[in-house]
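Engineer: Quick one: sequence and predicted model below, then my questions.
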Amino acid sequence: MKLISNALKSPAAVAVTVALILLVGVISLFKLPVQLFPDIERPRIAIQTTWRAAAPKEVESEILEPQEQVLKGIPGLRSMNAFANQGSGFINLEFGVETDMDQTLIEVISRMTRVQNQPRDALPPRIMLGGFGGNNPALTWFFLQALPGNTKSIDEYIDYTDDVIRPRLEAINGVAGVQTFSAQNREELQIRFDPIKVAQYGIQIPELISLVSASNDVSGGFIDVGRRQYTLRFNGKYKVEELSELILESRNYSNIRLGDIAKISVSRQDRQQMAVQNGNPAFSMRIDKANGANVLETLNRVKAEVELINTEILADKELVMVQSFDASVFIYRAINLVTSNLFMGVMLSLVVLWLFIRRMRATLIIATAIPISLFTTFIVLQLTGRSLNVISLAGLAFAVGMVLDAAIVVLENILRMREQGNDYHTSSELGSKQVWGALLASTATTVAIFLPVFFLKDIEGQLFGDLALTIAIAVSVSLLVAAVLLPVLAKYYLKERSIPDPNQALWQKMSALVMTATNTSVKRVLLALTMLVIPVAVTYVAMPKLDYLPPVKRDAVDANLRFPPGANIKTIEQEVVKPIVERLKPYMDGTKEPALKNYYLFSGPFGGNLGIRAKDQSKVNELLDVVKNEVLVDLPDTTAFARQGNLFGGFGGGRSVQVHLQSKDTNALQQVAKQGLQWVKDAIPDVSVRANPGLEMAEPEIRLQPNDREILEQGWNRRDVGRVVRTLGDGLYVGEYFNGSKRLNMILRADGWSDPDTLGDVPIVTGKGSINQLSDLVTIDRTAGPSRLTRIDGNRTISLNINPPKGWSLEETIAVLKTQVEPKIRALMPQDGNIIYGGSADQLEKAIGIMSENFAFALVILFLLMAALFRSVKDSALVVITIPLATVGGILALQILNLFVFQPLDLLTMIGFVILLGLVVNNAILLVHQTRLAQQNGLTRDEAVKQALTLRLRPIFMSTATSFFGMLPLLLVPGAGSVIYRGLAGVIVGGLGVSTIFTIVLLPCLLRLTAKDFGFSIKTQDESKHLVTVAANTAEK
């Protein structure tokens, strides 16, 4: 190769190139965005429609169903989930990863314009790319607290936050936006009328609605008058202070004005939700990260700005902004752990390498492959827009031992050239050129194994793609380092003509032992059958249970609360929020352990969320017991579920299994779901299971059935009565009012009744001018209705949300559900009933199918590459046969891990088996090729096998040891985030160890069993040398 020759002739250019790589690598390292996980693109679009005061059934029929009809059939649509709540409807559209989301967003917007007859007072649908959380991930959460002594309501500061605080935060580099929550009771223009006075004046409420909503400015366009053009404009809008002068009717030279029957004011909506942080009233702000922003740098800038906001403007108002969850703490801990593991792996690999070589200079020359490969990887990551995260760093840690392989091969070959009498320059040049083809083929085999991981396009592929990418880059660069830099270093800095092997006698004894164990046909057959059948059987029996994602826990406790049906916000505050705050107070003050760092509590009509963090992260289990057994007990009619938070929850529902029950018969569906809850609890001890939506049709409801005949006789229709009822309830939207700075909803609302018994007595002037009571027009019943309705793909659904207990994998949970629970549920389901599994269960099933296909694809890639390498299908098959030895090693490693910690076979661990394929075949390749070469040189088959063992045992064990110990810290060192890659490390370490030991027994056995014709013909000495170097590839280390 000219590249090698030119490098040896220009050592200064090589040195400058290396220096530039290191310099640019350091710059790239500091420029790389640092975050916990890679960026995940979620192919989702969410649609939110607000319809003030509408019940869930009306939201379903008037909002969701029409929208679902136009959205069906969008290209790439996988699922459509819809939720009808009180006053709002939500639709979540999920698409395939290959979908063009920008084009799809345009299509969704276009289709939404086709929806006909949406309620007039429903707000326009809000369409959000990326789902309800938006397309930008949450960076952090802050709460604006009212400090003790502040007598104002926290709601008084909502507008101040929007006008002053939010712009300052959104101006920070790296922040995409700021969203406020639990602060939805915005200002509105309220017109509260007295229905008795309205009746006394003989005014019909529909006429009142029309008059109030008609007070708008109107543009008449332009008109030419002489040489001038005038704008024609009707100024019909009242100012707030003038609106009370609106004339409703004129009688007997006397005007009836709006102020005579109503009070007009700018007031806030009735509060429907609240939040508390650290015992103080608050509302939350979610700060979103801009795409490509460095998480740690952006967090530091946000913290600095918040500190300025607190001191400059909030202190005087007795307010303070407090961070809820500081992601940087976990990021620092997780990244520091994997970084320390990386350096520990480097040191262990170098120590092991030195123990084999016993020459410090030679060890350091080989070690140059590590920093150059790592820093080049940083450059590529920066150029491709990737980030520095736990997954990519773990990939570098796994690559530490692998990047030494090519350097070991080159250095040994250079020394062999010196032993043959060549000078330093010739030895370096020929030693590198001879193994270049072999190293290229070996690297191609290793890198090709990662192709299946790149084909994972769903969330799993995006999450774990960085692992495959970093290993592939590092191994590829190590090839160039070994072929170009190492010859130069060896020429100028390594003066030894040979490096004696102190363990030569050991390799000879091991070789003799293997030959004795396989010296008869009977022994060979029995040994081959034993070593092929037993691993397969052990793999089948000892296969760990499957799981979706590693259970990465946060040092926090999260709890979900379900409040008593029909409880208003005041009741929730008195009976739930205040008791929780009082119970947490001693822990927040530090008088009881575990002391708390912070907590928050959201509460609303649909339920609440509680998040608590201890100062001492090691006491999270103790905190969980306190929350379960003290904080959340004896809350009136409230159910609560608490568990340790999961960092992977946002990528796929954590470790939850959802059983979706579907039928048009809602009543029957509720009975089945209620029975199903009990069956799940009976089948899985200590399981956490709840129904969504709740099964109790207990949301109090005052149902008004129209008396059509009476309504018609009074000169009205159902629409007139419906509008009247809306004004008697939460208020009727009659338009918008612009006060010069912002737009306010205009709400017409009646006063005068306080309980359902008096509602029917409300006087109403009908279309014929007579005064009737409301009960004359409608029949009033007290009943109960749903607080929420769920639809999946257009079908009414009740879901059983199941969280497996500690120590249970998803596969175990799903198996129990399908064998013990599902048959009982199906027996009770209506004829049109259906059962669908969702959540992590559905994602696991899809991922397992993809992983199985990709594993098979990896095997095919290996087989074809080795067939081309060996020029023999038979030899390629011999190497592939040894793979089960690695598989059983990985399985046994997982079983040993499970003796100490819970370690299921999750998706990342499965990727370990794919990676293992490219590592374990190298030893088999080495033995097969060396045997072929020896036979071509005239040795018998047995002599050739013995020589292959004697010559290749050292590089086999050297390569295995450096990789084994390089990855060992990832397996053994506990800490934040270690559970992410612990199973993967266990598979590779166990597979490498077992396959190495057994391959040196099985391969000689198979080689001695096969026919003399190895399926190839070597006709020239050059071709023979080519095959030898290819065989040496990775194993000649």
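Structural biologist: Sure, I can see it.

Engineer: Show me the domain layout of this protein.
Structural biologist: 1-31+342-500, 42-136, 196-268+703-779, 503-542+871-1037 (automatic domain parsing).

Engineer: Out of the ones you listed, the one nearest residue 638 is which?
Structural biologist: Nearest of these to residue 638, taken as C-beta to C-beta: domain 42-136 at 18.6 Å. C-beta: built from backbone N, CA, C; applies to glycine.

Engineer: need the domains of the chain in JSON lines with distance to residue 286, can you?
Structural biologist: Converted to JSON lines, the domains of the chain look like this (distance: least, C-beta to C-beta, whole Å):
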{"stretch": "domain 1-31+342-500", "distance to residue 286": "21"}
{"stretch": "domain 42-136", "distance to residue 286": "8"}
{"stretch": "domain 196-268+703-779", "distance to residue 286": "22"}
{"stretch": "domain 503-542+871-1037", "distance to residue 286": "23"}
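
Engineer: Could you check those and tell me which one is nearest residue 644?
Structural biologist: domain 503-542+871-1037 (12.3 Å).

Engineer: so how far is that closest one from its chain's centroid?
Structural biologist: Chain-centre distance of domain 503-542+871-1037: 36 Å, with C-alpha atoms, centre = their mean, to the nearest Å.

Engineer: pLDDT (mean, whole number) over that domain?
Structural biologist: Domain 503-542+871-1037 shows a mean pLDDT of 80.

Engineer: sorry, back to before: tabulate the domains of the chain (JSON lines), appending distance to residue 172 and mean neighbour count.
Structural biologist: What follows is those, written out as JSON lines (distance: least, C-beta to C-beta, whole Å; neighbours: other C-beta atoms under 10 Å):
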{"stretch": "domain 1-31+342-500", "distance to residue 172": "19", "mean neighbour count": "20"}
{"stretch": "domain 42-136", "distance to residue 172": "13", "mean neighbour count": "17"}
{"stretch": "domain 196-268+703-779", "distance to residue 172": "24", "mean neighbour count": "15"}
{"stretch": "domain 503-542+871-1037", "distance to residue 172": "27", "mean neighbour count": "20"}
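
Engineer: just so I know, which of those domains lies nearest residue 572?
Structural biologist: The nearest among the domains of the chain, by C-beta to C-beta, is domain 42-136 at 14.4 Å.

Engineer: For that closest one, what does the pLDDT average out to?
Structural biologist: So the average pLDDT for domain 42-136 ends up being 89.

Engineer: returning to what we had before: closest to residue 610 out of the domains of the chain?
Structural biologist: Closest approach to residue 610 among the domains of the chain (C-beta to C-beta): domain 42-136, 19.9 Å.

Engineer: Could you list the low-pLDDT ranges of the stretch 751-900 of the chain?
Structural biologist: 752 (pLDDT under 70).

Engineer: Break down it into its strands, ranges please.
Structural biologist: 763-765, 771-773, 778-785, 789-792, 795-803, 834-839 (DSSP state E, counting those that start in this stretch).

Engineer: Can you add distance to residue 693 and give the ones you listed back as JSON lines?
Structural biologist: As requested, these are exported to JSON lines (distance: least, C-beta to C-beta, whole Å):
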{"stretch": "strand 763-765", "distance to residue 693": "35"}
{"stretch": "strand 771-773", "distance to residue 693": "35"}
{"stretch": "strand 778-785", "distance to residue 693": "11"}
{"stretch": "strand 789-792", "distance to residue 693": "6"}
{"stretch": "strand 795-803", "distance to residue 693": "7"}
{"stretch": "strand 834-839", "distance to residue 693": "15"}
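
Engineer: among those strands, which is nearest residue 189?
Structural biologist: Across those, closest to residue 189 is strand 763-765 (C-beta to C-beta), at 23.9 Å.

Engineer: Tell me which strands the closest one pairs with, and in which orientation.
Structural biologist: strand 771-773 (antiparallel) (DSSP bridges).

Engineer: that older thread, identify whichever of the domains of the chain lies nearest to residue 819.
Structural biologist: Here domain 503-542+871-1037 is closest among the domains of the chain (C-beta to C-beta), at 19.0 Å.

Engineer: before we move on, the earlier item: looking at the strands of the stretch 751-900 of the chain, spot the one closest to residue 22.
Structural biologist: Judging the strands of the stretch 751-900 of the chain by C-beta to C-beta, what sits closest to residue 22 is strand 834-839, at 46.8 Å.

Engineer: what packs against that closest one?
Structural biologist: Secondary-structure packing of strand 834-839 (3 or more C-beta pairs under 8 Å, 6 or more residues apart in numbering; DSSP states H and E): strand 657-662, strand 795-803, helix 822-828.

Engineer: Partner strands of the longest one and their direction?
Structural biologist: Read it as strand 795-803. strand 657-662 (antiparallel), strand 688-692 (antiparallel), strand 789-792 (antiparallel).

Engineer: Okay, angle between the first one and strand 834-839 too, please.
Structural biologist: Comparing the axes of strand 657-662 and strand 834-839 via axes from the mean of the first three to the mean of the last three C-alpha atoms, to 10 degrees yields an angle of 150 degrees.

Engineer: Would you mark the buried spots in the helix or strand just after strand 657-662?
Structural biologist: For strand 657-662, the following helix or strand on the C-terminal side (DSSP states H and E) is helix 666-683. Neighbour-count burial for helix 666-683, counted by 16 or more other C-beta atoms under 10 Å, picks out 668, 669, 670, 672, 673, 676, 677, 679, 680.

Engineer: Check those against residue 419 and report the nearest one.
Structural biologist: Taking those together and measuring to residue 419 by C-beta to C-beta, the closest member is residue 680, at 71.3 Å.

Engineer: List the residues that contact the closest one.
Structural biologist: For residue 680, the contacting residues are 687, 689, 800, 802, 817, 821, by C-beta atoms under 8 Å, 6 or more residues apart in numbering.

Engineer: which among these gets closest to residue 60?
Structural biologist: Using C-beta to C-beta, these come closest to residue 60 at residue 800, 20.8 Å.

Engineer: Now do the contacts for the closest one.
Structural biologist: Per C-beta under 8 Å, 6+ apart, neighbours of residue 800: 658, 659, 661, 673, 676, 677, 680, 689, 690, 691.
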